[in-house]
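Asker: Have a look; sequence and predicted model below, questions after that.
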Amino acid sequence: MTAKIFIDGEHGTTGLQIRTRMADRRDVELLSIPEAERRNAAMREDLLNSADIAILCLPDEASKEAVTMLAGNNNVRVIDTSTAYRVDPNWAYGFAELDKAQADKIKAARNVANPGCYPTGAIALLRPLRAAGLLPDGYPVSVNAVSGYTGGGKQLIGQMEDASREDAISANNFLYGLTLKHKHVPEMKEHGLLDRAPLFSPSVGRFAQGMIVQVPLFLEDLKDGATIESIHSALVAHYAGQDIVTVVPLNESATLARVDAEELVNTDRMKLFVFGAAGSPHVNLVALLDNLGKGASGAAVQNMDLMLSA
Ligand SMILES: NC(=O)C1=CN([C@@H]2O[C@H](COP(=O)(O)OP(=O)(O)OC[C@H]3O[C@@H](n4cnc5c(N)ncnc54)[C@H](OP(=O)(O)O)[C@@H]3O)[C@@H](O)[C@H]2O)C=CC1
Ligand SMILES: CC(=O)N[C@@H](CCC(=O)OP(=O)(O)O)C(=O)O
């Protein structure tokens, strides 16, 4: 039996990429809304309630509205790509590699909150170190990141690509979130198992897709005896047995002169690096991903596949 999938927001950036990923699939039937009707609430409600899985690719408020439209219908499972439910205990967090039990939680879940792009990188780096006891309580975590401009959806894409717009952005690289209150901070804290909110500073570059997330650490403030090798080993052990998140060997990362934010564009994978010289007091943890791949649409399709495999 083919599963019926409705992508609410299918004509937006994340929705379109999910549609593209499903284009050749015979095991799913895509229910579709014409672009001109994308905000037609009655049509959306009808399609949402006709699906086996609804994938919400909408702003937070519209996602909440969609969930309300599904109230009382126990037949529809939901994957939400917005920020609305990512720290809600009633929703499974859609990062399958979070720990050994998470993929099964997603398989069995009625509602799945797809992770944010930046948190995917940050949590991937931090959670294994917290779980292994290497990152002590109270450690002041900083997360610095750069995203391709598609991370800001249709609005930012227009501002970056159409110089004739009144609100066009001419910068090639800019910092934002300057109040340090980005909507992804609670999610990083919760699923990174942190006891203090991380200091998160995001930025955007003039490239469409791609992302680098950095977490610099001072070894002398970690658990006694923590080294670049023990940190790397904790990541390797955590991600053993799957092929979506790769931990780059230390001898390989030691030879690199640079990390290209676009290296994994149009893939659904993520690479993790541990940089630093032997004997140095500092390490820099780095996650490399496509903000629209493992950071959004690729993860949504991975979660859908897990749910369909239940
Ligand atoms: N882009 C990325 O890298 C990532 C995005 N996300 C999340 O995915 C969600 C979608 O983002 P993104 O695809 O980037 O955004 P876009 O703005 O590109 O697309 C959103 C789509 O939703 C539609 N929409 C907006 N409001 C409503 C509404 N009330 N009813 C029906 N449709 C509506 C928009 O229509 P219209 O054109 O009329 O505005 C548009 O088609 C957001 O929650 C975002 O935070 C998550 C991870 C990464
Ligand atoms: C470059 C850019 O603007 N990025 C977005 C985050 C993109 C994303 O991950 O969306 P979610 O919030 O749904 O996770 C931002 O900082 O608001």
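Answerer: Here it is on my side, so go on. Ligands and ions are numbered 1, 2, ... in the order given.

Asker: Just the pLDDT at the residue nearest to Leu180 when sequence neighbours are not counted, thanks.
Answerer: Using C-beta to C-beta, 6 or more residues apart in numbering and skipping residues adjacent in sequence, the residue nearest Leu180 is Leu199, 6.2 Å away. From N, CA and C alone the C-beta is placed, and that goes for glycine too. Note for Leu199: predicted pLDDT of 98.

Asker: Leu199 touches Pro140, doesn't it?
Answerer: Yes - taking contacts as C-beta atoms under 8 Å, Leu199 lies within contact range of Pro140: 7.1 Å.

Asker: Across the sheet, point out what pairs with the residue nearest to Leu180.
Answerer: The partner list for Leu199 in beta bridges (DSSP bridges) reads Ser142.

Asker: ok, so what distance separates it from ligand 2?
Answerer: Taking C-beta to the nearest ligand atom, to the nearest Å as the measure, Leu199 falls 15 Å from ligand 2.

Asker: Tell me, how many residues neighbour the closest residue to Arg38 other than its chain neighbours?
Answerer: Sequence neighbours aside, His11 is the residue nearest to Arg38 in space, at 5.3 Å (criterion: C-beta to C-beta, 6+ apart). Burial of His11 is recorded as 17 neighbouring residues (other C-beta atoms under 10 Å).

Asker: for Ala197, same thing?
Answerer: Neighbours of Ala197 (other C-beta under 10 Å): 15.

Asker: Need the three-state assignment for it.
Answerer: coil (DSSP: H, G, I helix; E, B strand; the rest coil).

Asker: Run through the residues that contact it.
Answerer: Val185, Pro186, Met188, Lys189 (C-beta atoms under 8 Å, 6 or more residues apart in numbering).

Asker: So among those residues, which ones count as buried?
Answerer: Among the contacts of Ala197, those buried by neighbour count (16 or more other C-beta atoms under 10 Å) are Val185, Met188, Lys189.

Asker: now, which of the residues you listed lie within helices?
Answerer: Secondary structure assignment by DSSP state H places Val185, Met188, Lys189 of the buried ones among the contacts of Ala197 in helices.

Asker: from what I can see the second one touches Thr120, true?
Answerer: Just to be clear, that refers to Met188. No - using C-beta under 8 Å, Met188 is not in contact with Thr120, being 9.9 Å away.

Asker: how many neighbours does whichever residue of the chain sits closest to ligand 1 have?
Answerer: Closest residue of the chain to ligand 1, C-beta to the nearest ligand atom: Gly12 (2.0 Å). For Gly12, the neighbour count with other C-beta under 10 Å is 18.

Asker: Near ligand 2, which residues of the stretch 101-250 of the chain are found?
Answerer: Gly116, Cys117, Ser147, Gly151, Gly152, Leu156, Lys183, Pro202, Val204 (C-beta under 6 Å from any ligand atom).

Asker: how about 5 Å then?
Answerer: Contact residues (C-beta under 5 Å from any ligand atom) of the stretch 101-250 of the chain with ligand 2: Gly116, Cys117, Ser147, Gly151, Gly152, Val204.

Asker: Quick check: phi and psi at the nearest residue to the fifth one once chain neighbours are set aside.
Answerer: The reference is to Gly152. Distances taken as C-beta to C-beta, 6+ apart place Val204 nearest to Gly152, at 6.9 Å, with adjacent residues excluded. Dihedral pair for Val204: phi -130, psi 140, per degrees, to the nearest 10.

Asker: For Val204, which residues are in contact?
Answerer: Going by C-beta under 8 Å, 6+ apart, Val204 touches Val146, Ser147, Gly148, Tyr149, Gly151, Gly152, Leu156, Met160, Asn173, Phe174, Tyr176.

Asker: Flag the shaky bits of the stretch 101-250 of the chain, pLDDT-wise.
Answerer: Along the stretch 101-250 of the chain, no part satisfies pLDDT under 70.

Asker: Strands of that one, start to end?
Answerer: 111-113, 142-148, 173-175, 199-205, 211-218, 245-247 (DSSP state E, counting those that start in this stretch).

Asker: most packed of those strands?
Answerer: strand 111-113 (a mean of 25; mean count of other C-beta atoms under 10 Å).

Asker: do you know how far the closest residue to Tyr176 other than its chain neighbours is from Ala145?
Answerer: Among residues not flanking Tyr176 along the chain, Pro202 sits closest, at 6.2 Å (C-beta to C-beta, 6+ apart). Look at Pro202 and Ala145: by C-beta to C-beta, to the nearest Å, they are 5 Å apart.
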